[in-house]
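>>> Quick check, what structure comes out for this input:
(2 chains)
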Amino acid sequence: NAGVTQTPKFRVLKTGQSMTLLCAQDMNHEYMYWYRQDPGMGLRLIHYSVGEGTTAKGEVPDGYNVSRLKKQNFLLGLESAAPSQTSVYFCASSTHGRPDTQYFGPGTRLTVL
Amino acid sequence: GDSVTQMEGPVTLSEEAFLTINCTYTATGYPSLFWYVQYPGEGLQLLLKATKADDKGSNKGFEATYRKETTSFHLEKGSVQVSDSAVYFCALRKDSNYQLIWGAGTKLIIKP
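Modelled structure (predicted):
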């Protein structure tokens, strides 16, 4: 039981490049989330999903897209990376019955030059 | 809008000292309140929670009491250990929403 895993752990991009962050969970959770963590700002919700095939915008969705084609996977895409997207990205999941308890992955540290 | 405010860190203490990390919130209605902990190099994990006024959440020697009159949920521990060194996040959730609203986090450093 791996819980929530994220790929990759680190990445450096140049401005304008694109990439996809992969999140996978093996707990059969319905809800999945993408957050970004910046110094002094806590966690901010980018996008979330309440089930396979559904996604919704969070607090800071601009510049990101997501897809949830399979229940266990939640992908976060950056189409044209900007330095302002330098951050640590966390994926989390939770069950429908206990949305309070979110299980987090170890994070992806992204630097955009 | 709804928000969570935590004391700024880092908080540096010696082993066996008493710990308090302040958390206050702004929200209408009756939110649920949480403390999450992030150990170095890891993702966040739920430490404790309280769902209504005067509830006390506890886990691993940590406690926090939901005080509606002061809109606070301060985290306390009677005797900290080096292994408690981490970043602690306070968060709230409205009943009508499964999204969590997070504080900025407080880094705790415990020296032996």
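>>> Which positions in chain A make contact with chain B?
Contact residues (CB under 8 Å from any CB of the partner chain) of chain A with chain B: A:4, A:31, A:40-45, A:48, A:50, A:58, A:90, A:92, A:94, A:99-107. The way it works is simple: take the backbone N, C-alpha and C, and place the C-beta from them, glycine included.
>>> so residue B:49 touches residue B:32, yeah?
Yes. Under the criterion of CB atoms under 8 Å, residue B:49 is in contact with residue B:32, at a separation of 6.4 Å.
>>> Now do the same contact list for residue B:54.
Counting by CB atoms under 8 Å, 6 or more residues apart in numbering or on different chains, residue B:54 makes contact with B:65-68.
>>> Apply 10 Å and report the result again.
B:65-69 (CB atoms under 10 Å, 6 or more residues apart in numbering or on different chains).
>>> Name the residues contacting each of residue B:49 and residue B:32.
The contact lists of residue B:49 and residue B:32 share A:100, B:55, B:57, B:66, B:73, B:91, B:93, where a contact means CB under 10 Å, 6+ apart.
>>> Just the closest residue of chain A to chain B, please.
Closest to chain B within chain A is residue A:104: 3.1 Å, counting by CB to the nearest CB.
>>> Once you drop chain neighbours, what's closest to that residue?
By the measure of CB to CB, 6 or more residues apart in numbering or on different chains, the closest residue to residue A:104 outside its immediate chain neighbours is residue B:43, 3.1 Å from it.
>>> Next one: that neighbour relative to residue B:102, how far apart?
In this structure, residue B:43 and residue B:102 are separated by 13 Å, where distance is defined by CB to CB, to the nearest Å.
>>> between those two, which one's more packed in?
Here residue B:43 and residue B:102 are compared on neighbour count by other CB atoms under 10 Å in any protein chain shown; more neighbours surround residue B:102, at 24 against 20.
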